[in-house]
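Asks: Below are the sequence and a predicted model; questions follow.
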Amino acid sequence: MPAPHTPRAVAAVALAVSTALALSACAGSGTGEPTADLDGEVVWAIEGANLSAGHMDPQTSQLDVSAMVQRAVLDSLVFQEADGTFSPWLAESWDVEGGGTSYTFHLRDDVTFHDGEAFDAAAVKANFDRIADPETASAQAASMLGGEFYAGTEVVDEHTVTVEFTQPYAPFLQAASTALLGFYSPAVLAESADELKAGGPGITVGTGPFELTDYTPDQEIVYTRNDDYAWGPDGQGAPKFETLRVEILPEAAVRTGVVESGEADLASNIPPNLAAELPDSLTVDSMEYPGLPYSLYLNEKYGVFADQKVRQAFSRAIDIDTAVDEIFYGQFPRAWSILGSTTPGYDASLEGTWEFDQDAANALLDEAGWTERDADGYRVKDGERLSARWIAWTPVPDDRTALANAIQSDLKAVGFEIVREVLEPGAYNEQYGPKTFDLTDWGFSGVDPDLLRSHLHTDGFQNASQVSDPELDTLLESGVATTDTDERNAIYADVQQWNADHVAIVPLYSPSLITAVGETVSGLTYDLYGRPLFYDVTVG
């Protein structure tokens, strides 16, 4: 049984509320039926703190916010529906051959970029080859394009294009539905590709329903309706309002304030404690992210986490249930696996298998030889303190700061010191690159379980734990090449079971993207990541 545990006082984010917020998970928002204002403006408040640090290009950025805002500009070959199936978008139809080694897309012939350039097979090839080019340094998008399995894109004719892989690549249609594999004008790629990370008018040029017309870094992005748009997913045409103004407001309290006052029509990235205080006049939508839950990544090639017993003890010493429930008001579920429960392939059998247990943690640390204690109560072996350094990427929301404090407190109770450093992006990357840290943290959204390959494969671009296991590599490579759903699920269940024993990653909770929507907006929908879509929005 777990050792007795006294509930801790949660940090400033845990403001008392008398009732829990009932968050809806429906797609549609808006409580009224406003008269359409075709010249109207929608103001959308987002966090967006790191967009100005070279993250305006989803083809190179790994930040969710990049894909979230640039979806307005960048269209995709296919659209993924709410049930996970795919429907036509820039491609009218497609053929899959060779068990998933070859995908041929038959493109629409009436699509143009915002600069007047035609969208055609050559544009598809130019974008995909740019993503695959090592000089582009396109980590996540390149991985979604197949990484080492990408064999190239062939222009069959003006409106037919074939994407080839060296082996079956099952996740490709899902990847091809995202903004990360969306399309820039070939003219931009030829003349201004080096400016895409910074973005801006005349640079961020796509075929989407909106054109980026003004950008003030760290303040706002202005998108203006593309009046010629007639090729949206599910037949949507040009937007029913003129301007989408994205206000960049890193402080959560400020975002909630502007949507509550009506200065913004909607606000995203609302934390549960603030969402709980919003008035009934706002619709609050909560969509649980699919993918890898918010987790801790233990670097087994650097310090104390080289010992599996230490990793296992670390995971058992944290009272995850209590911390997550108190800090997030019961709105975010505690995670049991490295795939969230809304992700295809999730292994529900792991639920309840590694509960908080201080006695078990202490026994494991004793077995690992950390049996002595210093004057501060921390464990010592061979004159060295049991200590791990946690680097975190700024800005850190208040709720995650509270969670980190709780984790440090729990670990101290078993004699394990956690030293946390909150670093600016440049300083963070100086340590992340050479992996000179003990642990770090993030969540990673994705609809296909192949996202685990980037985190756990020996050559994975986000292998922060520095895992290198040939058997695990084989599993992950099999998952990429297998198209049968049941077989894929079995493979990824094995991967999840592997981590539960090995403990390269400690999943903590599955976050949701919470968006508050005012009464002026009707017809808002969301993609499978919980990101707002504006194709059917009416503003009044």
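Replies: Everything's here; your move.
Asks: CA only for contacts and neighbour counts going forward, please
Replies: Fine.
Asks: For residue 349, the count of nearby residues, please.
Replies: Neighbour count for residue 349, taken as other CA atoms under 10 Å: 11.
Asks: and it, helix, strand or coil?
Replies: Residue 349 falls in the helix class when you classify it by DSSP: H, G, I helix; E, B strand; the rest coil.
Asks: Over to the one 5 residues further on?
Replies: Following three-state DSSP, we place residue 354 in the coil state.
Asks: That one contacts residue 316, correct?
Replies: Yes. Look at residue 354 against residue 316 with CA atoms under 8 Å: they come within range, at 6.7 Å.
Asks: Comparing the two, which shows the higher neighbour count?
Replies: A direct count of neighbours by other CA under 10 Å for residue 354 and residue 316 places residue 316 higher, at 24 against 13.
Asks: what does the model give that one for pLDDT?
Replies: pLDDT for residue 316: 98.
Asks: dump the residue contacts of residue 147.
Replies: Applying CA atoms under 8 Å, 6 or more residues apart in numbering to residue 147 gives the contacts residue 132.
Asks: quick thing: my sequence starts at 58, can you match it?
Replies: Taking 58 as the first residue, the last one we looked at is residue 204.
Asks: pLDDT score assigned to it?
Replies: Reported pLDDT at residue 204 in the predicted model: 91.
Asks: any idea how far residue 235 is from it?
Replies: 16 Å (CA to CA, to the nearest Å).
Asks: now residue 273, which residues is it bridged with?
Replies: Residue 273 forms beta bridges with residue 277, as assigned by DSSP bridges.
Asks: for the stretch 308-457 of the chain, what spans make up the strands?
Replies: 323-324, 340-345, 348-355, 429-430, 436-438, 441-442, 444-450 (DSSP state E, counting those that start in this stretch).
Asks: Show me what the first one packs onto, helices and strands only.
Replies: The contact analysis (3 or more CA pairs under 8 Å, 6 or more residues apart in numbering; DSSP states H and E) places strand 323-324 against strand 98-103, helix 309-318, strand 569-574.
Asks: one more time with 10 Å, if that's ok
Replies: strand 98-103, strand 300-305, helix 309-318, strand 340-345, strand 569-574 (3 or more CA pairs under 10 Å, 6 or more residues apart in numbering; DSSP states H and E).
Asks: Okay, now the sheet partners of the host helix or strand of residue 478, with direction.
Replies: Using DSSP states H and E, residue 478 sits in strand 474-480. Applying DSSP bridges, strand 474-480 is found paired with strand 444-450 (parallel).
Asks: contacting residues around the strand it pairs with?
Replies: 353-356, 359-362, 435-437, 458, 461, 468-469, 472-486, 488-489, 493-499 (CA atoms under 10 Å, 6 or more residues apart in numbering).
Asks: shaky segments in the protein?
Replies: Applying pLDDT under 70 to the chain flags residues 58-92.
Asks: Double-check residue 425 against residue 365; I have them as touching.
Replies: Yes. With contact defined as CA atoms under 10 Å, residue 425 counts as touching residue 365 (8.8 Å).
Asks: center of the chain - which residue?
Replies: residue 502 (3.1 Å; CA atoms, centre = their mean).
Asks: Who does it form a beta bridge with?
Replies: Here residue 502, judged by DSSP bridges, has bridge partners residue 348.
Asks: From residue 385, how far out is it?
Replies: Distance of residue 502 to residue 385, given as CA to CA: 19 Å.
Asks: wait, isn't residue 287 in contact with residue 166?
Replies: No. Applying CA under 10 Å as the test, residue 287 and residue 166 come out as separate, 11.6 Å apart.
Asks: still on that earlier bit, I only care about the contacts of strand 444-450 that end up buried; give me the ChimeraX line for that.
Replies: Buried residues among these (16 or more other CA atoms under 10 Å), as a ChimeraX selection:
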select :353,354,355,356,359,360,361,362,435,436,437,458,461,468,469,472,473,474,475,477,480,485,489,494,495,496,497,498
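Asks: So which bits of the lengthiest helix in the chain are buried?
Replies: Longest helix in the chain, counting residues (DSSP state H): helix 542-559. The neighbour-count check on helix 542-559 (16+ other CA under 10 Å) flags 545-546, 548-554, 556-557 as buried.
Asks: How far does stretch 547-555 sit from its chain's centre?
Replies: Offset of stretch 547-555 from its chain centre (CA atoms, centre = their mean, to the nearest Å): 21 Å.
Asks: What lies in contact with that stretch?
Replies: Contacts of stretch 547-555 (CA under 10 Å, 6+ apart): 393-396, 401-407, 506-507, 509-510, 513, 528-530, 532-537, 539, 542, 544-546, 557, 559-561.
Asks: burial measure for residue 514, as a count.
Replies: By the measure other CA under 10 Å, the count of residues near residue 514 is 23.
Asks: Test my guess that it contacts residue 537.
Replies: No. If you go by CA under 10 Å, residue 514 and residue 537 don't touch, sitting 11.9 Å apart.
Asks: shared neighbours of these two, which are they?
Replies: With CA under 10 Å, 6+ apart, residue 514 and residue 537 have no common neighbours.
Asks: Point me to the residue sitting farthest from the middle of this structure.
Replies: Extreme point of the chain relative to centroid (CA atoms, centre = their mean) is residue 432; 42.0 Å.
Asks: Please report phi then psi for it.
Replies: phi -60, psi -20 (degrees, to the nearest 10).
Asks: just to revisit the earlier point, quick one: name whatever helix or strand follows the longest helix of the chain.
Replies: Counting by DSSP H and E, what follows helix 542-559 is strand 562-566.
Asks: tell me the angle of that next one relative to helix 542-559?
Replies: Per axes from the mean of the first three to the mean of the last three CA atoms, to 10 degrees, the angle that strand 562-566 makes with helix 542-559 is 100 degrees.
Asks: and the angle for strand 562-566 with strand 348-355?
Replies: Put simply, strand 562-566 runs at 130 degrees to strand 348-355, going by the same axes, to 10 degrees.
Asks: what's strand 562-566 packed up against?
Replies: strand 348-355, helix 365-373, helix 377-384, strand 496-502, helix 542-559.
Asks: Just list what the second one packs against, helices and strands only.
Replies: Contacting helix 365-373 under the criterion 3+ CA pairs under 10 Å, 6+ apart are the following elements: strand 348-355, helix 415-424, helix 455-470, helix 542-559, strand 562-566.
Asks: send the alpha carbons of the shortest one over as CSV?
Replies: This points to strand 562-566. Extracted C-alpha coordinates of strand 562-566, given in CSV (Å, rounded to 0.1, in the frame of the first residue of the first chain):
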residue,chain,number,x,y,z
ILE,A,562,9.4,8.7,-19.9
VAL,A,563,7.2,9.4,-16.9
PRO,A,564,3.7,10.5,-18.2
LEU,A,565,1.9,12.9,-15.8
TYR,A,566,-1.4,14.1,-17.2
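Asks: quick one, that strand and helix 377-384 angle?
Replies: Going by the same axes, to 10 degrees, strand 562-566 makes 40 degrees with helix 377-384.
Asks: Residue 227 contacts residue 206, correct?
Replies: No. Using CA under 10 Å, residue 227 is not in contact with residue 206, being 11.2 Å away.
Asks: Could I get the CA-only coordinates of the longest helix of the chain as PDB?
Replies: Provided in PDB are the C-alpha atoms of helix 542-559 (Å, rounded to 0.1, in the frame of the first residue of the first chain):
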ATOM      1  CA  THR A 542      -5.000  -1.500 -37.400                       C
ATOM      2  CA  ASP A 543      -5.100  -4.400 -35.000                       C
ATOM      3  CA  GLU A 544      -1.400  -5.300 -35.700                       C
ATOM      4  CA  ARG A 545      -0.400  -1.700 -35.300                       C
ATOM      5  CA  ASN A 546      -2.300  -1.500 -32.000                       C
ATOM      6  CA  ALA A 547      -0.500  -4.600 -30.700                       C
ATOM      7  CA  ILE A 548       2.900  -3.200 -31.700                       C
ATOM      8  CA  TYR A 549       2.300   0.100 -29.900                       C
ATOM      9  CA  ALA A 550       0.900  -1.700 -26.800                       C
ATOM     10  CA  ASP A 551       4.300  -3.500 -26.600                       C
ATOM     11  CA  VAL A 552       6.000  -0.100 -26.900                       C
ATOM     12  CA  GLN A 553       3.900   1.300 -24.000                       C
ATOM     13  CA  GLN A 554       4.600  -1.800 -21.900                       C
ATOM     14  CA  TRP A 555       8.300  -1.400 -22.600                       C
ATOM     15  CA  ASN A 556       8.300   2.100 -21.200                       C
ATOM     16  CA  ALA A 557       6.200   1.200 -18.200                       C
ATOM     17  CA  ASP A 558       9.100  -1.200 -17.200                       C
ATOM     18  CA  HIS A 559      12.100   0.700 -18.500                       C
END
